[in-house]
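A.B. asks: sequence isn't available, so here's the structure alone:
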């Protein structure tokens, strides 16, 4: 089946089986291996990408479902020159160890802060509760997102 | 990593087209909405539909949360997240927001739909139980037109609804606005299905429980309604003893099975405890 | 102490990690990211039965599926003598089943296809004729008269026994028990669980027929050891095998054994002359790879009425699954370092015995941040200590303190023969009590109990053992457990450090650079660290059992010092001084009394290439193979506060305090991160992680829907503290740390739950403390909602 999807700002065309999962389309067809997978049952969130700006588990979305839509991955969440506050926060607060869950955490955290720029710790923990981590025990991931919240320059919109 | 078997794929351009596609392809076809119940089953090859009819493009027709003449109308493609973020729902039906925060995780809630949750027939789904508690009616459309089914009459058995083969859930409607509501759930961990969950909504009048509905999740082969417990409560002044009796009655109306979440006596006791807690919270909120 | 360099970080700093850059950009390179031209994919047919004869394997339909290149069966491998492989424990394991399958999920056939979708389709076309047999699931029944014999493939094997092991002084301990005023005995079970790293196991095997070289990208915590073993098993010459362990998404012991999938991928690549990728699914990971724990234990303590320990005894039934395949630090250690069980207490007599048995379950047992069975040992001791405290009516804190080894006794030779390298256990416990606010906690608990709330305070104090290990005592399949570091300074004063260990998230690219920085006075930013590629790193035994810092960290310090020795010669030459007149200030050699006459490492490095002293070789490079003289012995004092919902049985960890002594700290930020992760695992172990089977051997937790790990909402905020008593023998005074939290947390949680329920007569509970299990305990003891 032919499909056309905007991935990280670029229109990509492909002819794929309907059963191809979005995570495999991203990794194997587009070569964007920053999105990972870690389970069979949509629990771990290592595969998190943005679909039309919302974080979803790409292992549970058919690639063909994205025909005519927009997908953003970890590779596209930043400009390529300057790290985002969330990425920087993970570095500053030691929010990663093996790095495997990290792209998913960053994707979830980024969209979360867009909606909730001044979160409480509880809110951050709930926001990332669909992303599993086996290395960090979560505390520094929460701190990383908090760091990003505290270090995001928000443009003032004129009256 | 596990992947689905092959299937044919159709994208519906309208609700009516979806219905005619269902008719054309027959029982080997399944609707794909959010996909977060179906696709995991397909990856494990526990579900092997021959045809998937994708209705995700029908947001225009089916994705909404609105008030029409005082009636809450939730389109079948409203995501769990839409329900959670709706101010209208937060104002009138606290239990829906509470239930939503306890359903799966935030990522799943971005894709999972109200219609999918209703049509799945899984007694472990929280939303149907919460909707039972507020007397929801489900609008379905098929080749013969539209009809309305009370949500507590929607289920025939385990993963079985009373929908005809080519009928689609289009809307969930709630007319009743209770004074207060509450949803409580016991699970082993975030993202897990309920060991037991209870939704309660009620009206108070003159210090008595005027009307009450109790929805039960995860404790039967279908979503359940504790009608006899409701009966016991109507017209009564709430106190700890009443909550206890209502809980015991509801537990008798439940029919849980033993599974990884626990044995039968545990789940029955949970029903008892959770009904009491949900009632207590709702009564406090009504005050 | 190292001088602070003018810019950059050094030893002891909370240095943000150098390796982060690629991960936060999604540019990490994990095995599944490896894509080679012509690469094929694979899938494994696995047994649905726990124990069954194989009458026939029919792969004909699969071979006809378009896109399938090959299907390898046990019979195919048998023809090449490859159907069985040796294990790290001195047993054998089936690569692909031939006569029987012996656990649910065991590998039966290997499909190679164009992509993973076709490979999975092909699985359904393979028809295996099984004849189910009786199963052995409960390890306590494995040696029953009528138990089916699982390993009838082994000559002389007539039952399901693997080993009988004991250690300590049986008679002296028996005497202590006979004479003691008080004895306690507690049966307990440490349930089976799983390391479940976020990245599953896998490999890409790439055989190049034109060169005869086999390159294997592999999720390996020990690439060098794996290469040697591969060579021995396959007959491929070692110098023509290259193992590359790239970025690894968590190991935790899961990536130490050699799995059939790796061997089949290599065999397939050899046969097809194309790269073959094998990546297991999560259910395969949970069903067939190295599990952890599964020890039925009895703990006994003999004591005076005042609580002085006179003897400790333990008895174990160890379930090793269908093949004895777990990593152990030598064939003489079938229970790993369980003999550390006398822990931080001054115990005069001790004895332990264990019976290892086969069962119809996956092979394994030593994994999941266990320090080679120290998790089991400390759980036994800490649970039994609390039982003793309960028996004596004594405060569990006082009982522990009374029996602590005192700091004046360090280094301490335990009754089990271990020489502890330092520790101040009283200070550790004091610090934990201070952070917790123990008096206020007791008051809070008094109030809670009046209100009918079930609040519990649980303790766990322990000495564990890491850093395997001295070559004369510790080996992996015969290879002594030294480790190696190779260091070269470039002309411009930058450095490259190559290691025999392999990080799976522990931050070696940063921490090992910090070691060099401390020794040579150059910024850690200037030290590039390489691990994982057998072609360009020195031979080492890998990273597990918290051994990297104790062994390879020591090697790194020593190789840096060798470099410094030569640097001194060069400095002497350049400064026209005698070596004896030079002193090292932390970042330079200076003529004593003449601070303006000095050379730092950058200058010396340049000179090593441009002004080589007479009689010296050019360059500044060295390698050290370090054989540690002893293990290292970290200490922990943990306090857990829980509250139990009497209506639902849900256990909530309200607070968790952890004070650790891991000696001198290289990077406190990294250590804290290790602590957080380990505590989450330990709490998860106590509350929700478990692998169970039904009587037929069906695995009941084969996905993340039912193998439950902590999410961010169950994890508490961790309150950490530190005590630093340097290791007496380690060149940096450092010990390992990353397994202390998984060792110490589970007993702290369980002790807290028991404490919460002790007013109702509860003395022991088994893990995991899920809501339904806790609820059962509550109701059994008359605790109503």
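C.D. replies: That came in fine, so what should we check first? Values in this document were obtained by computation on a predicted structure and should not be read as measured data.

A.B. asks: in chain A, what residue is nearest chain C?
C.D. replies: residue A:34 (2.1 Å; C-beta to the nearest C-beta). The C-beta positions use only the backbone N, C-alpha and C, and glycine is treated the same way.

A.B. asks: check which helix or strand that residue maps to.
C.D. replies: Under the assignment given by DSSP states H and E, residue A:34 is not contained in any helix or strand.

A.B. asks: that one reaches residue C:30, doesn't it?
C.D. replies: No - between residue A:34 and residue C:30 there is no contact under C-beta atoms under 8 Å: 10.3 Å.

A.B. asks: that older thread, what's the spacing between the residue of chain A closest to chain C and residue A:104?
C.D. replies: Plainly put, residue A:34 is 10 Å away from residue A:104 if you go by C-beta to C-beta, to the nearest Å.

A.B. asks: more neighbours: those two, which one.
C.D. replies: Between residue A:34 and residue A:104, residue A:104 has the larger neighbour count (other C-beta atoms under 10 Å in any protein chain shown), namely 32 against 26.

A.B. asks: near chain A, which residues of the stretch 401-550 of chain C? Just list them.
C.D. replies: For the stretch 401-550 of chain C, the residues in contact with chain A (C-beta under 8 Å from any C-beta of the partner chain) are C:504-507.

A.B. asks: so which of those comes closest to chain A?
C.D. replies: Distances from chain A to these, taken as C-beta to the nearest C-beta, are shortest for residue C:505 (3.1 Å).

A.B. asks: could I get the phi/psi values of the closest one?
C.D. replies: Main-chain torsions, residue C:505, degrees, to the nearest 10: phi 130, psi 0.

A.B. asks: tell me how many other residues surround it.
C.D. replies: With other C-beta under 10 Å as criterion, residue C:505 counts 29.

A.B. asks: beta partners of residue C:309?
C.D. replies: When assigned by DSSP bridges, residue C:309 has beta-bridge partners residue C:303.

A.B. asks: and the pLDDT at the residue in chain A that chain B sits nearest to?
C.D. replies: Of all residues in chain A, residue A:130 sits closest to chain B, at 2.9 Å by C-beta to the nearest C-beta. Looking at residue A:130, its pLDDT reads 98.

A.B. asks: check residue C:690 too.
C.D. replies: pLDDT, residue C:690: 98.

A.B. asks: now residue A:157
C.D. replies: If you check residue A:157, the pLDDT there is 55.

A.B. asks: just to be sure, residue C:680 is in a helix?
C.D. replies: Yes - the assignment for residue C:680 by DSSP: H, G, I helix; E, B strand; the rest coil puts it in a helix.

A.B. asks: from what I can see it touches residue A:132, true?
C.D. replies: No - taking contacts as C-beta under 8 Å, residue C:680 lies outside contact range of residue A:132: 10.4 Å.

A.B. asks: what residues are shared contacts of these two?
C.D. replies: residue C:709 (C-beta atoms under 8 Å, 6 or more residues apart in numbering or on different chains).

A.B. asks: which residue ranges of chain A form strands?
C.D. replies: Remark: strands assigned in chain A by DSSP state E are A:2-7, A:10-15, A:48-51, A:54-57, A:70-72.

A.B. asks: now the ones you listed in JSON lines, with distance to residue B:169, mean pLDDT and mean neighbour count?
C.D. replies: What follows is the strands of chain A, written out as JSON lines (distance: least, C-beta to C-beta, whole Å; pLDDT from 0 to 100; neighbours: other C-beta atoms under 10 Å in any protein chain shown):
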{"stretch": "strand A:2-7", "distance to residue B:169": "27", "mean pLDDT": "98", "mean neighbour count": "17"}
{"stretch": "strand A:10-15", "distance to residue B:169": "32", "mean pLDDT": "98", "mean neighbour count": "11"}
{"stretch": "strand A:48-51", "distance to residue B:169": "23", "mean pLDDT": "98", "mean neighbour count": "25"}
{"stretch": "strand A:54-57", "distance to residue B:169": "22", "mean pLDDT": "98", "mean neighbour count": "26"}
{"stretch": "strand A:70-72", "distance to residue B:169": "28", "mean pLDDT": "98", "mean neighbour count": "21"}
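
A.B. asks: residues in contact with the residue nearest the centre of chain A?
C.D. replies: For chain A, residue A:107 is the residue whose C-alpha lies nearest the centre (C-alpha atoms, centre = their mean; 2.1 Å). Shown in contact with residue A:107 (C-beta under 8 Å, 6+ apart): A:48-50, A:55, A:72-74, A:77.

A.B. asks: ok, now residue C:26?
C.D. replies: Residue C:26 neighbours (C-beta under 8 Å, 6+ apart): A:32-35, A:73-75, A:103.

A.B. asks: one more time with 10 Å
C.D. replies: A:32-36, A:73-78, A:87, A:99, A:102-104, A:106-107, C:33 (C-beta atoms under 10 Å, 6 or more residues apart in numbering or on different chains).

A.B. asks: what residue in the stretch 401-550 of chain C comes nearest to chain B?
C.D. replies: For the stretch 401-550 of chain C, C-beta to the nearest C-beta, closest residue to chain B: residue C:452, 13.4 Å.

A.B. asks: check which helix or strand that residue maps to.
C.D. replies: Using DSSP H and E, no element contains residue C:452; it sits outside every helix and strand.

A.B. asks: quick one: it and residue C:647 touch, right?
C.D. replies: No - Residue C:452 lies out of contact with residue C:647 (C-beta atoms under 10 Å); the separation is 11.1 Å.

A.B. asks: where does pLDDT dip in chain B?
C.D. replies: For chain B, not a single residue meets the criterion pLDDT under 70.

A.B. asks: now the helices for it?
C.D. replies: B:15-25, B:38-43, B:59-62, B:80-85, B:87-92, B:94-102, B:106-111, B:114-120, B:126-133, B:227-233, B:240-253, B:264-286 (DSSP state H).

A.B. asks: the residue nearest to residue B:210 when sequence neighbours are not counted pairs with what?
C.D. replies: Computed as C-beta to C-beta, 6 or more residues apart in numbering or on different chains, the closest residue to residue B:210 that is not its neighbour in sequence is residue B:203, at 4.4 Å. On the basis of DSSP bridges, residue B:203 is bridged to residue B:211.

A.B. asks: any idea how far residue B:203 is from residue B:178?
C.D. replies: Residue B:203 is 6 Å from residue B:178, by C-beta to C-beta.

A.B. asks: any residues in contact with both of the two?
C.D. replies: B:210-213, B:282, B:286.

A.B. asks: filter those residues down to the buried ones, ChimeraX style.
C.D. replies: With 16 or more other C-beta atoms under 10 Å in any protein chain shown as the criterion, this ChimeraX line picks the buried residues out of these:
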select /B:211,212,213,282,286
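
A.B. asks: now, among the shared contacts of residue B:203 and residue B:178, which is nearest to chain A?
C.D. replies: residue B:282 (23.2 Å).
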